[in-house]
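J.: sequence first, predicted model second:
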Amino acid sequence: MLDLIFGDAVVWGSLLGILIMLIMSAYFTYMFIHNSAPEEHK
């Protein structure tokens, strides 16, 4: 069962896409909070 799941390129593509979306959203959230800080912290 697991061999079939992990052997499927489509599943890996989906997981990779989700992972990239999570990383990008976390990065932009961090940048937004960082840029919202007072000017002296830049």
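T.: Nice, I can see it.
J.: what number of residues lie near residue 9?
T.: Neighbours of residue 9 under the rule other Cβ atoms under 10 Å: 7. Quick note: C-beta positions are derived from backbone N, CA and C, even for glycine.
J.: so for it, what's the pLDDT?
T.: Listed pLDDT for residue 9 reads 77.
J.: also residue 18?
T.: With respect to pLDDT, residue 18 has a value of 95.
J.: burial measure for residue 26, as a count.
T.: Residue 26: 10 neighbours (other Cβ under 10 Å).
J.: again, but for residue 20
T.: For residue 20, using other Cβ under 10 Å, the count is 10.
J.: residue 30 now?
T.: Counted with other Cβ under 10 Å, residues neighbouring residue 30 total 10.
J.: could we number from 5 for the rest of this?
T.: Renumbered: residue one is now 5, and that last one reads residue 34.
J.: quickly find the element holding it.
T.: For residue 34, the element it lies in under DSSP states H and E is helix 13-39.
J.: other SSEs contacting that helix?
T.: Here helix 13-39 touches no other helix or strand, going by 3 or more Cβ pairs under 8 Å, 6 or more residues apart in numbering; DSSP states H and E.
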